[in-house]
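Asker: Generate coordinates for the sequence data below:
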Amino acid sequence: MVIAQPRLAKFGVAGTLMFLAGVLLSTPVVRAADGAASNGDGAPDTTGSAEGSLATIEVAARRLNEERSSIETQTGASTYTIDNRAIAAAPMGENQSLSQVLLQAPGVVQDSFGQLHVRGDHNGLQYRLNGVILPEGISVFSQTLSPRLISSVSLITGALPAEYGLRTAGVIDLTSSSGLLQPGGYLSIYGGSFGTIQPAFEYGGGSGGFSYYVTGDYKQSDLGIESPDGSRDPLHNHTRQYHGFGYLEKILDPANRLSLILGISDGAYQIPNQRGLQPTLGLDVQGVTQFLSDDLDENQQERTEYAIVSWQHSAGALNFETSVAARYTSLHFTPDWLGDLLYNGIAQDAFKDSTAVSWQTDAAWKLSATHTVRAGFFLQHDSAESITSSQVLPIDAAGMQTSNVPLTIPDNGTQVQTLESVYLQDEWQALTPLTINYGVRFDRYSAFSSASLTSPRLNFVWQVSADTTVHGGYSRYFSPPPFELVGATTISKFIGTTAVPPGSVTLDTPPFAERVNYYDFGVQQRLLNGAMTVGVDYFYKQAQQLVDEGQFGAPIILTPFNYRYGLINGIEFTGNYSLSNFSVYGNLSFQAAHGKEVESAQFNFSADDLAYIANNYIHLDHEGRVAASGGASYLWQGTRFSADFIFGTGLRQQLTLPDGTVIPNGDHTPSYTVVNLGSMHDLHLGSGQLTARFDVVNVFDKVYQIRSGTGIGVFAPQYGMRRGFFGGLAWQF
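Answerer: Here you go, the predicted model:
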């Protein structure tokens, strides 16, 4: 038997970056001519005190942060921002995952395995950390990045300016905490229901122009993946995870800064079992025909590491940042050899890894009082490896098993991808209340296929009055399929086995890049002297070669494929109100997402499904027809009480008509509302602060189904978390 084995992380590039950054960060702070450190406006600091020098450096750091933010423009886009105070005030606080935080943003729909769907797209999200694009990984970054590292997070959607490309459903723009601006640290322990234990730490500080910030956490739980049956105690569902993050910064002078970001995430997951089932394929494996589903033993290991070195220069009219990033990600699924073969006709040990190196430069030049020109480029080289070993049984032309001795079929492959992007845009204040941003970008990729596109962008913001803002725009988008997820399965190797029964589709066209026309228009209104803000936003997406993803086998590895045509549209409503110690917010969205004619990875579909989709638009499996979220927070006598909720009409599932006709994704799972409550209280003890918190998740113990196990690209059912009680202590010093 040939079994795929996990490889050691191929992360020599990141190690090199760490070494170079160490050398660069050891560079002494540039001094003014008289030997004093320069202050924020370029003049020497003459206070002669350590406090004065520190204050000067803090001023420089804040100015550089502002300049770094100004390199990016969000003119005409829709931006929803959540800061660390809002995260801490919500139920579970920093102990929740980033995906749970983002579920409180408008137009966001939850899925299993921590996936998020923004505005009807399947995972078309780009993650940026301090303005730098994080190369995509096999696992979802919303599970890799901890809320603890966040100073603020913004979800940017709509008709995006030219600097945003490749992944355009939404940009998750994170700003990390800083040891210079948020010195000190904390230790915490959190846990509760489902055997959850979650210790964590955070610490930041610095000396002179050098500062550092580190955070890490460990989590173990008996609810690692969504329950397949809705029970409170799903079988075989333990997880152990840890996350680490570090941010090092060196301010060389008021105009220059070097920084290093390091991150790691590692998670081991048991795949939960449904209870009381027996195989239905009628297979015989060396005399064994029965296998209780309770006894299945499948496991998955996921790992991600990344490093980013950046240099920022901000002086006069010119402001730029250039960064080199490296990322390694891997996933290893180990099957239950006997059980998987009996249930699925194939048992597969699957290992995938991907190593990416990228170079990104973005610049802004204040050309005049009314024009700011921005330009930049992004280059990435990605190499991926797929190593699988499959056990199958031989069958004849009629589909009858010819031997009960399994065959072992290795199927290994490597692939390389290159990405090149460049953009140029001008932000023009045409009139005092009207700002227009127009630009163009060019993207090209080469992998299992190759393509390129020149994409125009036009956006505007019109300040109708002091309290009324109108925005809108048009963007042409180009999105390559997620390279690291494309499998290496060679279908011809499995013909004549239980993996490919007679009549199966064997066509496997490589996926294509998606091309989109995107339109967006919105209005925001402030009321009650600015205490309340409400907004509405409409979007329409017309796509060719629409990229979608599905899970088509036991390994939790998504497979990309294309619909020839795609239509997505929707409308979002947002509102928030804040007065003294009370705040409340709410979001409501309506979406419709359709695709027609499968163009790639066809072997994952049945012939009947392909025939139906070839002639009919179907709902995309991740469509959340109606989604809502909201929350409130109130501070009373030192104790903060909070509540939030999410509502969804359910993701898609197949519809079977009375005459037996099956419509792919023709129905949806039942709607649900989940309410969470939280409370926290601060105690000041000496120079430190002790925070105690207690949270209740799914207060009404709603049993709700995220996936039913039917529909396009849906392998198994999943249910949301049942009611859980959690509490913890955090010591801040």
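Asker: Flag every buried residue along stretch 636-655.
Answerer: Residues 640, 642-655 are the ones in stretch 636-655 that count as buried (16 or more other Cβ atoms under 10 Å). C-beta here means a position set from N, CA and C on the backbone, and glycine is covered the same way.
Asker: correction: stretch 439-454
Answerer: 439, 441-445, 447-448, 451, 453.
Asker: Where does the prediction get shaky in the stretch 351-500 of the chain?
Answerer: The stretch 351-500 of the chain contains residues with pLDDT under 70 at 486-489.
Asker: all strands for it, in order.
Answerer: Secondary structure of the stretch 351-500 of the chain, counting by DSSP state E, counting those that start in this stretch: strands at 371-392, 407-431, 434-446, 450-463, 468-479.
Asker: centre of the chain versus the last one, how much separation?
Answerer: Remark: strand 468-479 is offset 22 Å from the chain centroid, using Cα atoms, centre = their mean, to the nearest Å.
Asker: what does stretch 721-729 give?
Answerer: That offset, for stretch 721-729, works out to 24 Å (Cα atoms, centre = their mean).
Asker: Tell me where the model's unsure across the stretch 1-150 of the chain.
Answerer: Along the stretch 1-150 of the chain, the parts satisfying pLDDT under 70 run over 1-55, 138-142.
Asker: Kindly recompute the last result at 80.
Answerer: Within the stretch 1-150 of the chain, the segments meeting pLDDT under 80 span 1-61, 123, 136-144.
Asker: so where do the helices sit in it?
Answerer: Ranges of helices in the stretch 1-150 of the chain, per DSSP state H, counting those that start in this stretch, are 12-25, 50-71, 84-89, 98-102, 141-144.
Asker: Could you list the buried residues of the fourth one?
Answerer: Spelled out, it's helix 98-102. Those would be 98-102, for helix 98-102 by 16+ other Cβ under 10 Å.
Asker: quick revisit: farthest pair in the buried residues of stretch 439-454?
Answerer: G439 and F448 (29.9 Å; Cβ to Cβ).
Asker: which residues are in contact with stretch 70-77?
Answerer: 131, 156-161, 163-164, 173, 319-321, 362-364, 372, 374, 425, 427, 435-437, 458-461, 471-473, 520 (Cβ atoms under 8 Å, 6 or more residues apart in numbering).
Asker: Show the end-to-end separation of it, please.
Answerer: This stretch, stretch 70-77, spans 15 Å end to end (Cα to Cα, to the nearest Å).
Asker: Please identify the buried residues of it?
Answerer: 71-77.
Asker: Between all of these, which two are separated the most?
Answerer: Checking the buried residues of stretch 70-77 with Cβ to Cβ, the most distant pair is I71 and G76, at 16.8 Å.
Asker: what comes up buried for stretch 287-304?
Answerer: Within stretch 287-304, the residues scored as buried using 16+ other Cβ under 10 Å are 291, 293, 296, 298, 300-304.
Asker: Quickly list what V109 is bridged to.
Answerer: Per DSSP bridges, the residues bridged to V109 are H117.
Asker: what residues are up against it?
Answerer: Taking Cβ under 8 Å, 6+ apart as the criterion, V109 is in contact with 116-118, 591, 622-624, 627, 648, 651.
Asker: what residues are up against F605?
Answerer: Residues near F605 by Cβ under 8 Å, 6+ apart: 505, 598, 613, 712.
Asker: ok, of these, which one's closest to V699?
Answerer: The shortest approach to V699 among these belongs to I712, at 33.4 Å (Cβ to Cβ).
Asker: Skipping adjacent residues, who's closest to that closest one in space?
Answerer: Nearest residue to I712, sequence neighbours excluded (Cβ to Cβ, 6 or more residues apart in numbering): D621, at 4.7 Å.
Asker: Is it correct that that neighbour is in contact with G713?
Answerer: Yes. Taking Cβ atoms under 8 Å as the definition, D621 is a contact partner of G713 at 5.7 Å.
Asker: hey, what's in contact with both of these two?
Answerer: Residues touching both D621 and G713 by Cβ under 8 Å, 6+ apart: 548, 550.
Asker: The two - which one has more neighbours?
Answerer: Per other Cβ atoms under 10 Å, whichever of D621 and G713 has more neighbours is D621, with 26 against 23.
Asker: Tell me how far that one lies from Y518.
Answerer: Distance from D621 to Y518, counting by Cβ to Cβ, to the nearest Å: 21 Å.
Asker: How much space separates S330 from R723?
Answerer: S330 sits 35 Å away from R723, going by Cβ to Cβ.
Asker: Of those two, which one has the most company?
Answerer: Using other Cβ under 10 Å, the more surrounded residue of S330 and R723 is S330, with 25 against 16.
Asker: Need the pLDDT of that one.
Answerer: With respect to pLDDT, S330 scores 93.
Asker: quick one, whichever strand or helix holds it and helix 50-71 angle?
Answerer: Under the criterion of DSSP states H and E, S330 resides in strand 318-334. Calculated by axes from the mean of the first three to the mean of the last three Cα atoms, to 10 degrees, strand 318-334 forms an angle of 80 degrees with helix 50-71.
Asker: Skip ahead from strand 318-334 and say which helix or strand is next.
Answerer: helix 337-344.
Asker: packing partners for that following helix?
Answerer: strand 347-366, strand 371-392 (3 or more Cβ pairs under 8 Å, 6 or more residues apart in numbering; DSSP states H and E).
Asker: now with 6 Å?
Answerer: Under the contact criterion of 3 or more Cβ pairs under 6 Å, 6 or more residues apart in numbering; DSSP states H and E, helix 337-344 touches strand 347-366.
Asker: Pull up the pairing partners for the strand it packs on, direction included.
Answerer: Strand 347-366 sits in its sheet next to strand 318-334 (antiparallel), strand 371-392 (antiparallel), going by DSSP bridges.
Asker: tell me which residues of it are tucked away?
Answerer: Buried positions in strand 347-366, judged by neighbour count with 16+ other Cβ under 10 Å: 347-358, 360-364.
Asker: neighbours of L252, just the number please.
Answerer: 19.
Asker: and it, helix, strand or coil?
Answerer: Counting by DSSP: H, G, I helix; E, B strand; the rest coil, the backbone at L252 sits in strand.
Asker: Apart from its chain neighbours, what residue comes closest to D340?
Answerer: A347 (3.7 Å).
Asker: Same question for G688.
Answerer: Leaving aside its sequence neighbours, G688 sits nearest to F733 (Cβ to Cβ, 6+ apart; 4.4 Å).
Asker: returning to that earlier point: now, the contacts of F605 that are in helices?
Answerer: Taking DSSP state H as the definition of helices, the contacts of F605 contribute I613.
Asker: wait, which of the contacts of F605 is closest to I491?
Answerer: Using Cβ to Cβ, these come closest to I491 at V505, 8.9 Å.
Asker: What separation is there between the closest one and F552?
Answerer: Separation of V505 from F552 (Cβ to Cβ): 12 Å.
Asker: again, but for S293
Answerer: From S293 to F552 the distance is 20 Å (Cβ to Cβ).
Asker: Quick check: D508 touching F603?
Answerer: Yes. At 5.0 Å, D508 counts as touching F603 under the criterion of Cβ atoms under 6 Å.
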